[in-house]
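Novice: Pasting a predicted model and its sequence here:
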Amino acid sequence: MTAVGSYLPANVVTNEALSSFVDTDDAWIRRRTGIAQRHLVADGETTADLAYHAATKALANAGLTGGDIDLIIIATTTPDNTFPSTATKLQHMIEAKGAIAFDIQAVCAGFVYALDIADAMLQSGRGHRALVVGAESFSKLLDWEDRTTCVLFGDGAGAVVLELADDAGDWGIRSSVLHSDGAYRDILYVDGGPSSNAAVGHVRMEGKEVFRHAVEKLASVMDEALSAANMQAGDIDWLVPHQANVRIIDAMQKKMDLPSDRVVRTVEQHANTSAASIPLALSAAVDDGRIKNGDVLAMEAIGGGLVWGAALVKFGRPS
Ligand code: UT7
């Protein structure tokens with residue numbers, strides 16, 4: 001993983017602003033989630049637009065152009081259209097003419113899923129450079145009259161570049177573990193979709209149940225990822241977790257016994273941006289100089305399905 005870039009829509013909506021039309025308040029949202037604000041897309045701004053801005057920054061940071069990219073995977077639950085994929089739209093926008101491009105859908109775990117797929121495709125000879133993007137206009141799936149969900153999410157995009165290199169050594173993805181369990185599909189879902197209901201639908205969630213699964217499953221999948229890489233939690237420089245709720249992030253920090261200043265927290269400013277949340281957090285910590293070339297990152301996420309996973313990555317490239 002040699003570079004990262006991200007993009008947030010300009011429109012910032014604070015908790016106070018939400019409380020002018022939903023029965024909620026800043027104190028509840030901050031106390032129960034850690035969220036203070038979220039960025040929301042403007043009218044006419046789409047997931048492909050967010051992905052484009054994030055991807056062009058990641059490419060510039062890697063010293064590459066679209067023509068250097070062999071594979072584009074966008075993790076998104078909020079594509080511009082049912083088809084074609086948002087990834088093919090991005091391919092055209094960045095002029096990555098020869099690239100394979102497709103979307104994957106694993107909601108909030110989409111980025112760790114896409115990372116695993118891209119790495120496997122590169123390792124199996126499908127190209128040398130991949131662009132992995134998490135991009136969401138999640139606000140389009142919200143029921144703005146349901147205070148139990150609408151306060152939790154935001155929009156944005158983050159992108160990383162993966163590059164194969166002969167001298168990669170222990171750089172790049174050290175381990176990746178993914179899980180799915182459809183038995184829990186009813187605790188977090190959208191009540192619409194092309195084959196079940198003509199409408200796009202809205203997010204429905206049993207928050208407490210999802211919270212309980214998140215704390216338990218993220219801890220166990222992180223143990224699996226550490227064990228697969230033959231590493232201990234103490235070998236991790238940064239935890240870059242999915243940003244759903246600061247209480248879930250704090251529980252992971254405690255479980256891994258990491259110092260608080262080794263955990264990247266962006267949920268306060270971004271809220272839960274689903275598949276975009278990990279690359280957005282990564283980008284923030286690289287841009288402000290916390291994450292440096294050669295740092296070992298632990299990433300984890302869980303989303304509707306349920307689907308969950310963790311990846312350990314040595315960030316950057318040998319200098
Ligand atoms: O990224 C995908 C994964 N998603 C997650 O990880 C989300 C996991 N779940 C959570 O983060 C938390 O469960 C929530 C933040 C969604 C909810 O927090 P909670 O502490 O589990 O609250 P709750 O659902 O038990 O609700 C407690 C009370 C209820 O009132 P009563 O029934 O006790 O009178 C809710 O009606 O808080 C009320 N409430 C609100 N009050 C003000 C729920 N939402 C709000 C709100 N503003 N927005």
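Specialist: Arrived safely.
Novice: and residue 42, what is it in contact with?
Specialist: 9, 10, 11 (C-beta atoms under 8 Å, 6 or more residues apart in numbering). Using the backbone N, CA and C atoms, a C-beta is placed for each residue, glycine as well.
Novice: repeat that for 6 Å
Specialist: By C-beta atoms under 6 Å, 6 or more residues apart in numbering, the residues touching residue 42 are residue 11.
Novice: Looks to me like it is in a helix.
Specialist: No. Counting by DSSP: H, G, I helix; E, B strand; the rest coil, residue 42 is not found in a helix; it is coil.
Novice: Which residues of the protein lie near the ligand?
Specialist: For the chain, the contact set with the ligand under C-beta under 6 Å from any ligand atom comprises 24, 28-29, 32-33, 108, 147-148, 151-152, 207-208, 210-211, 214, 244-245, 248, 272, 302-303.
Novice: Just these: which are in strands?
Specialist: Those of those mapping onto strands are 302, 303, per DSSP state E.
Novice: Residue in the chain with the shortest distance to the ligand?
Specialist: residue 207 (2.8 Å; C-beta to the nearest ligand atom).
Novice: Residue 303 versus that residue, what's the distance?
Specialist: Shown here: residue 207 relative to residue 303, a distance of 14 Å by C-beta to C-beta, to the nearest Å.
Novice: higher neighbour count, the two?
Specialist: Taking neighbours as other C-beta atoms under 10 Å, residue 207 and residue 303 compare with residue 303 leading, 27 against 16.
Novice: Tell me which residues touch that one, please.
Specialist: With C-beta under 6 Å, 6+ apart, residue 303 has these contacts: 107, 108, 109.
Novice: Most neighbours among those, which one is it?
Specialist: residue 108 (33 neighbours).
Novice: Report the contact partners of residue 118.
Specialist: Shown in contact with residue 118 (C-beta under 6 Å, 6+ apart): 73, 130, 132, 162.
Novice: Show me the two of those that sit farthest apart.
Specialist: Largest separation among the contacts of residue 118 by C-beta to C-beta: 73 and 162, giving 9.7 Å.
Novice: now residue 45, nearest residue through space, not along the chain?
Specialist: residue 9 (6.0 Å; C-beta to C-beta, 6 or more residues apart in numbering).
Novice: what residues are up against that neighbour?
Specialist: 39, 41, 45, 155.
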